[in-house]
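*Asks:* Make a model of this:
(one chain, ligands or ions: 1)
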Amino acid sequence: MKQIVSWLSALGIAVSIFGCASAPAPMTPLMAEHLRSQPPIRFLLTFDDGPSASRFANPTQSILDDLAHNPVQSGIKSIFFVQTHASGGGGTELGRKIMQRENDEGHLLGFHTATPHHANHRFLSSEELEQSLTDGVADIKAITGAAPTLVRPPFWNYDQRTFAAYRQHGLHILLTDLSANDGKTWGITFSPRRRSNLVRQLSELREHIAAGERPAVNACIPVVVTFHDVNRYTARHMQEYLQILVDSAREVGLATSAKPFYDERSELQRAAMASTVARSDQPVHLPGVWNWIWNANKP
Ligand SMILES: [Zn+2]
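*Replies:* Below is the predicted model of the structure:
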């Protein structure tokens, strides 16, 4: 079973990176009219798998620099879903220093893993999962002074059991609306179709926004975007990605807030909580082909 899932996962990542460059969903006159009565969108940036503990051109540090200072909007605050026990990252002294920097600079820390590797929580025993959640929450609390409230399940995978375990630890699942498809689990670190991918995903989301299905928080509709800060390609292109997001919104006819990115931690927290998964059986949209993979492998 695990092998099948791993194989399907690898296939899914390859397909999401290299294939499916389908055209953006079309805009109808009725949709355009409905959009005019909707509040503007605001991008809520999230980063998975970090921090990097590399001493050479550290990608997480580079991303922190770019979020603080860039030509699009300086002082952007985002959510880092960290791996607090990762051997090349959060489990090291440098990793902890960087997580401290993330907190000190006004970003939010969320839980991703507290195992040495990127373990799928569904494949952990209840004892292992419990230990991982206890460790991860304590690790983050030691840095920020408060227990985290947000979790991003590795591989976007959860079930009733893991959902309930998260809740026991006060954690709410935040999925994503847009994915940069930059995960480097299988060593693929580049994203040749980053612009068209984001435009297409945003055009699909536009239908839900036009239908009034997306809640506004403080007069903006949060649009969750996922990157991977351990990816050097992402780090090198971070400023470009910020511009691409703003351009993509314009291209698909979605108005952005005067400040297109969140820049204040408590507002970021409110917007993120409003975007979390309310129930374990709630229908959700996962990026790429992950819906297909996990629906084909229901427990
Ligand atoms: Zn991950």
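
*Asks:* how far away is residue 56 from residue 138?
*Replies:* Computed with Cβ to Cβ, to the nearest Å, the distance linking residue 56 and residue 138 is 30 Å. C-beta: built from backbone N, CA, C; applies to glycine.

*Asks:* So between these two, which is more surrounded?
*Replies:* residue 138 (12 against 7; other Cβ atoms under 10 Å).

*Asks:* Give the full set of residues in contact with the more buried one.
*Replies:* Taking Cβ atoms under 8 Å, 6 or more residues apart in numbering, we find residue 138 in contact with no residue.

*Asks:* Let the chain start at 55 from now.
*Replies:* Sure, I'll start counting at 55 from here, so that last one is residue 192.

*Asks:* Do you know the pLDDT at the residue in the stretch 105-254 of the chain positioned nearest to the ion?
*Replies:* Distance from the ion to each residue of the stretch 105-254 of the chain (Cβ to the ion) is smallest for residue 208, at 4.8 Å. Reading off the confidence values, residue 208 has pLDDT 96.

*Asks:* Just the C-alpha atoms of stretch 206-218, please, in PDB.
*Replies:* Coordinates of each C-alpha in stretch 206-218 appear next as PDB, following Å, rounded to 0.1, in the frame of the first residue of the first chain:
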ATOM      1  CA  ARG A 206      -0.500  21.700   7.100                       C
ATOM      2  CA  PRO A 207      -0.600  17.900   6.700                       C
ATOM      3  CA  PRO A 208       2.400  16.500   4.800                       C
ATOM      4  CA  PHE A 209       1.300  15.400   1.300                       C
ATOM      5  CA  TRP A 210      -2.000  17.200   2.000                       C
ATOM      6  CA  ASN A 211      -3.100  13.900   3.500                       C
ATOM      7  CA  TYR A 212      -5.400  13.500   6.500                       C
ATOM      8  CA  ASP A 213      -8.300  11.300   7.600                       C
ATOM      9  CA  GLN A 214     -10.800  11.300  10.500                       C
ATOM     10  CA  ARG A 215      -8.100  10.000  12.900                       C
ATOM     11  CA  THR A 216      -5.400  12.500  12.100                       C
ATOM     12  CA  PHE A 217      -7.900  15.300  11.900                       C
ATOM     13  CA  ALA A 218      -9.200  14.500  15.400                       C
END
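
*Asks:* can you list contacts of that stretch?
*Replies:* Contacts with stretch 206-218, where a contact means Cβ under 8 Å, 6+ apart, come from 63, 100, 102, 135, 164-167, 172-176, 180, 183, 220, 227-229, 280, 331, 334-335, 340-341, 344, 348, 353.

*Asks:* Just the buried subset of those, please.
*Replies:* Of all the contacts of stretch 206-218 considered here, the ones buried according to neighbour count by 16 or more other Cβ atoms under 10 Å are 63, 100, 102, 135, 164-167, 173-176, 183, 220, 227-229, 280, 331, 334, 340-341, 344, 348.

*Asks:* Next step: those residues restricted to strands.
*Replies:* Residues from those lying in strands, with DSSP state E as the criterion: 100, 102, 135, 164, 165, 166, 167, 227, 280.
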